[in-house]
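**Student:** Pasted the sequence and its predicted model underneath.
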There are 2 protein chains.
Amino acid sequence: MTSQATDGTAPTAADAAGSADAAVEHGFHVFDTTLRDGAQREGINLTVADKLTIARHLDEFGVGFIEGGWPGANPRDTEFFSRARQEIDFRNAQLVAFGATRRANAKAADDPQVKALLDSGAQVITLVAKSHDRHVELALRTTLEENLEMVSDTVSHLRAQGRRVFVDCEHFFDGYRANPEYAKAVVRAAAEAGADVVVLCDTNGGMLPAQIQAVVSTVLADTGARLGIHAQDDTGCAVANTLAAVDAGATHVQCTANGYGERVGNANLFPVVGALELKYGMEVLPEGSLREMTRISHAIAEVVNLAPSTHQPYVGVSAFAHKAGLHASAIKIDPDLYQHIDPDLVGNRLRMLVSDMAGRASIELKGKELGIDLGDDRALVGRVVERVKERELQGYSYEAADASFELLLRQEVEGKARSYFRTESWRAIVEDRPDGTHANEATVKLWAKGERIVATAEGNGPVNALDRALRVALERIYPQLDDLELTDYKVRILEGRHGTDSTTRVLISTSDGTGEWSTVGVAENVIAASWQALVDAYTYGLLRAGVAPAE
Amino acid sequence: MTSQATDGTAPTAADAAGSADAAVEHGFHVFDTTLRDGAQREGINLTVADKLTIARHLDEFGVGFIEGGWPGANPRDTEFFSRARQEIDFRNAQLVAFGATRRANAKAADDPQVKALLDSGAQVITLVAKSHDRHVELALRTTLEENLEMVSDTVSHLRAQGRRVFVDCEHFFDGYRANPEYAKAVVRAAAEAGADVVVLCDTNGGMLPAQIQAVVSTVLADTGARLGIHAQDDTGCAVANTLAAVDAGATHVQCTANGYGERVGNANLFPVVGALELKYGMEVLPEGSLREMTRISHAIAEVVNLAPSTHQPYVGVSAFAHKAGLHASAIKIDPDLYQHIDPDLVGNRLRMLVSDMAGRASIELKGKELGIDLGDDRALVGRVVERVKERELQGYSYEAADASFELLLRQEVEGKARSYFRTESWRAIVEDRPDGTHANEATVKLWAKGERIVATAEGNGPVNALDRALRVALERIYPQLDDLELTDYKVRILEGRHGTDSTTRVLISTSDGTGEWSTVGVAENVIAASWQALVDAYTYGLLRAGVAPAE
């Protein structure tokens, strides 16, 4: 594999404006379709604002092409294209409009759907074309010949209007199995009409790498067309299928951020780019972009409102996390013994997990990570392992609650818990009024610096009300709490086992502007669990602020 | 690929008893290590009872080998082996104990860790051996020669005790790159000492399929040993890497249920078996097992207390779910146009998703699925699409709440909402008492059949208290509610965007013994959202019971 530059690596002002002629005609294409095919994922529902934000992230990451949607197919996509052109100054990417070949027995020039593509102003257009004979007959209800006409006519028309055209051959691999000559005829029709890239799509995602590689090689040899690959993950091989196509000579890969897409999903942009850059040694992103990969993956997950996949290759929070005692001891010697790349290369980091499977080695490493020297006190480390075991049996999880773990660790090291206040009792009331509005009120009764404080507050929910009441109660004694803000709140119902009642685990993230920390609470109900996590969150915040314990 | 039988396909009484000699020495091995390597996954913490339940599921599924853990390494694993032998009558699988080669400069016969393996009573033992020269020197701190001795001596000793031995060559592929001759020497030492299978492990998961295939082919040709593959998913290629090894001649695949494992995870048992059975045409499971795949995947996720991955190949609830309008129209013609296999083959099903991306076609299909004929009333379907759009903007999701969608659909069809009672108001109080106990009390005020009812109840949490109060209020008028049970309760915090307050989505699953349904509620606080989902849950339950609306 020789190093290659993407279309996006050396943009000119004209590129940014999206002029096809200015675009480099060669080089490797990283083509993102998160906003079009990715949006088909179950659970994703993007507003125009979401699409604009994601487009900015993808452009910053440095993909060469961003497929924004199907202008004309729905008002949202039409609005996206007009706003994207006005609101986004693309640095690396060109905006691509997706659409279909013209209707059967008509002229592309008269087809309103084709006109909408031109009206979108996108300088690059991806046309989806049928390449599986059965689909032509059953879904398009036209003849194989007419389908070829539809491809040539539509591509030629768009080229004549000065647009750059990519053609997605839908169901190409199934079609090739059923009728290889026809499938190749579609590729030729597209290429001869002026398509810059013909993308072979495994639309149903049923293929395996060996099949992809064989078909791509043959089609490349037989047609000479520039080929791209669009893989779906139904066999769990979308990334490998994409790389197999590259091995066979494809120079255009279609992916989605975090692998979002219909059914199981699409080829995941991040492991595909990670492999091309770090395993193949290709330069498919602008210098330095790879280090942004983890941040951008999580930022996009945030926008689509899905929790980032913790176990995603390269970018998942677990991707470089170790809890095996065996590994932990080896990692103390040399981290590279147990990681395939340096996590820094993709903006991720090595993490030692604290769990009852982790032996002393992990606890010691974690202590170092937190800057707490456990010295050679084996008894102390043993006690910590025991406490963690016992708490995890109750449902606590310290893997995602570093701050709660640090408080536990300090308690063992210092012999007593850090305490800035003592809770006497609290109460939360949620009331649904006849007029449909809700009242959320909480009262806390606590002791701080020998003083008994009772405070009541309202909130938009019971936990928010408790949070506010706690702040009202403590603000005079601990003004530092003003700087703290709850940044995330997660609830997990731990299924009751063997008929026992279920318990609730709450994870809270808190920020003081300079750093963020997570705390955990577990109880038989969500409010009580939230209270525990809140108390840890504020205790840790005061600890960070260097406030001396008062109790 | 020719069809082959696994060790597990034709078990004898002796197999079930776990005798190595009785085990078929040839055939293809499906080797599961969920209970050992899979348990390394962040967030998994298995009790002995959990491990026994998972072992039963895996044996029922029909894997040939179940690696249960490392007896002697921790009390849990030791207890698991003794209880598994007494409590489980294995039909298909043989239980495997995992351990390491003996210490350096000692005798295997005197090594307590090796003795623990024999004491476990497991007739099959997997030994992990170092095959990367750097690991031998840095992690084992011994010589390359002594490491070979450790392999031969330990394997011979276990064979002499009548055990069947597999050897996991840790970091084989990285080791092969660094020192191919030494890596192969370890394979030879294991095979010559009597190991039945030598498993090449991509421990750091950094490999790609082409590399795996090349190395496995060469090692097979050079050593003649029977080879297995153990792949980790750090490049997102574990399934493809496993299949690449099979293509190169490996006849033993190590996988974990749902791909659980350290860092990103291990090769996922289900897509690996799915590909071998459905794409390669191999018979690696007992007749009929494949149809249990989806159920078993979800059952194991339940035991490990992780939500099943909705987008897992073959078995995810989204694996055969469609929401693209384009696809929906084609699926009306022929489902096979848009799925790579018939979902029935793996016990999964085709689902049409209702979302604002879904056009009329999906709504019509969904109506059919629910047995509600929308006829050709285009205006009606249009209104439903509009309602769904509007509600999804507020945060509702009908994809996972069929019952709430059916109520919405019926409301449009019947012109008015199904209503069995009308809420006037409700109140929930959670109190943390000085003694640390909690009081959860709820009061509901509602109207049913013209009667005003006020009821109060306590529960283990505020939602449970509301649920009970609602039942108390309605039990006399609707005795059918006695049959309803809440089977699952999920809370999702929808991040507030652009500084707006976050909203909460609650999904509730309810069962009446004969069927289960899901309902959704969305509000600014978890209690109010839960109330909405509860009301839908009971309304749908009464509808199912054939009760006539009262309001």
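**Tutor:** Thanks, I have it.

**Student:** C-alpha from now on. contacts and neighbour counts both.
**Tutor:** OK.

**Student:** quick one, helices of the stretch 101-250 of chain A?
**Tutor:** A:112-119, A:133-135, A:144-160, A:172-178, A:180-192, A:209-223, A:238-247 (DSSP state H, counting those that start in this stretch).

**Student:** Quick one: those helices as a markdown table, columns for mean pLDDT too.
**Tutor:** Shown next, in a markdown table, are the helices of the stretch 101-250 of chain A (pLDDT from 0 to 100):
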| stretch | mean pLDDT |
| --- | --- |
| helix A:112-119 | 96 |
| helix A:133-135 | 94 |
| helix A:144-160 | 98 |
| helix A:172-178 | 97 |
| helix A:180-192 | 98 |
| helix A:209-223 | 98 |
| helix A:238-247 | 98 |
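
**Student:** Which pLDDT value does the model give the residue lying farthest from the centre of chain A?
**Tutor:** Computed with Cα atoms, centre = their mean, the maximum C-alpha offset from the centroid of chain A is found at A:Gly450, amounting to 48.0 Å. Per-residue confidence (pLDDT) for A:Gly450: 90.

**Student:** re earlier: out of the helices of the stretch 101-250 of chain A, nearest to chain B?
**Tutor:** Distance to chain B, taken as Cα to the nearest Cα, is lowest for helix A:238-247 among those, at 5.7 Å.

**Student:** Which other helices and strands does the closest one contact?
**Tutor:** helix A:209-223, strand A:227-231, helix A:269-274 (3 or more Cα pairs under 8 Å, 6 or more residues apart in numbering or on different chains; DSSP states H and E).

**Student:** Please work out which of those is packed deepest.
**Tutor:** Ranked by mean neighbour count under mean count of other Cα atoms under 10 Å in any protein chain shown, the helices and strands packed on helix A:238-247 are led by strand A:227-231, which reaches a mean of 28.

**Student:** between that strand and helix A:238-247, how big is the angle?
**Tutor:** 170 degrees (axes from the mean of the first three to the mean of the last three Cα atoms, to 10 degrees).

**Student:** Briefly note if strand A:227-231 comes near chain B.
**Tutor:** No - against chain B, strand A:227-231 shows no contacts by Cα under 8 Å from any Cα of the partner chain, the least distance being 12.7 Å.

**Student:** taking the mean pLDDT, what do you get for that strand?
**Tutor:** On average, strand A:227-231 scores 98.

**Student:** Mind listing the strands it pairs with, and their directions?
**Tutor:** The pairing partners recorded for strand A:227-231 under DSSP bridges are strand A:197-202 (parallel), strand A:252-255 (parallel).

**Student:** Going along the chain, name the helices of the stretch 301-450 of chain A.
**Tutor:** Using DSSP H, counting those that start in this stretch, helices in the stretch 301-450 of chain A cover A:325-333, A:360-369, A:378-394, A:402-414.

**Student:** Now distance to chain B and mean neighbour count too, for these, in a markdown table please.
**Tutor:** What follows is these, written out as a markdown table (distance: least, Cα to the nearest Cα, whole Å; neighbours: other Cα atoms under 10 Å in any protein chain shown):
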| stretch | distance to chain B | mean neighbour count |
| --- | --- | --- |
| helix A:325-333 | 6 | 18 |
| helix A:360-369 | 13 | 20 |
| helix A:378-394 | 8 | 16 |
| helix A:402-414 | 14 | 19 |
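
**Student:** export these to JSON lines and tack on mean pLDDT?
**Tutor:** Shown next, in JSON lines, are the helices of the stretch 301-450 of chain A (pLDDT from 0 to 100):
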{"stretch": "helix A:325-333", "mean pLDDT": "65"}
{"stretch": "helix A:360-369", "mean pLDDT": "75"}
{"stretch": "helix A:378-394", "mean pLDDT": "81"}
{"stretch": "helix A:402-414", "mean pLDDT": "88"}
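
**Student:** For B:Val304, find the nearest of those helices.
**Tutor:** Taking Cα to Cα, helix A:378-394 is the member of these nearest to B:Val304, at 12.9 Å.

**Student:** Against chain B, how distant is A:Thr423?
**Tutor:** Distance of A:Thr423 to chain B, given as Cα to the nearest Cα, to the nearest Å: 8 Å.

**Student:** Correct me if wrong: that residue contacts A:Glu451.
**Tutor:** No - contact between A:Thr423 and A:Glu451 fails when scored by Cα atoms under 8 Å: they sit 11.7 Å apart.

**Student:** Who has more neighbours out of these two?
**Tutor:** Ranked by neighbour count (other Cα atoms under 10 Å in any protein chain shown), A:Thr423 and A:Glu451 place A:Thr423 first, with 17 against 10.

**Student:** related to what we said a few turns ago, a markdown table for the helices and strands packed on helix A:238-247, including distance to A:Arg505?
**Tutor:** Output for those, formatted as a markdown table (distance: least, Cα to Cα, whole Å):
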| stretch | distance to A:Arg505 |
| --- | --- |
| helix A:209-223 | 41 |
| strand A:227-231 | 38 |
| helix A:269-274 | 31 |
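
**Student:** Tell me which of these lies nearest to B:Glu262.
**Tutor:** B:Glu262 sits nearest to helix A:269-274 of all the helices and strands packed on helix A:238-247, at 17.5 Å, using Cα to Cα.

**Student:** does that closest one come close to chain B?
**Tutor:** Yes - contact of helix A:269-274 with chain B (Cα under 8 Å from any Cα) involves A:Pro271.
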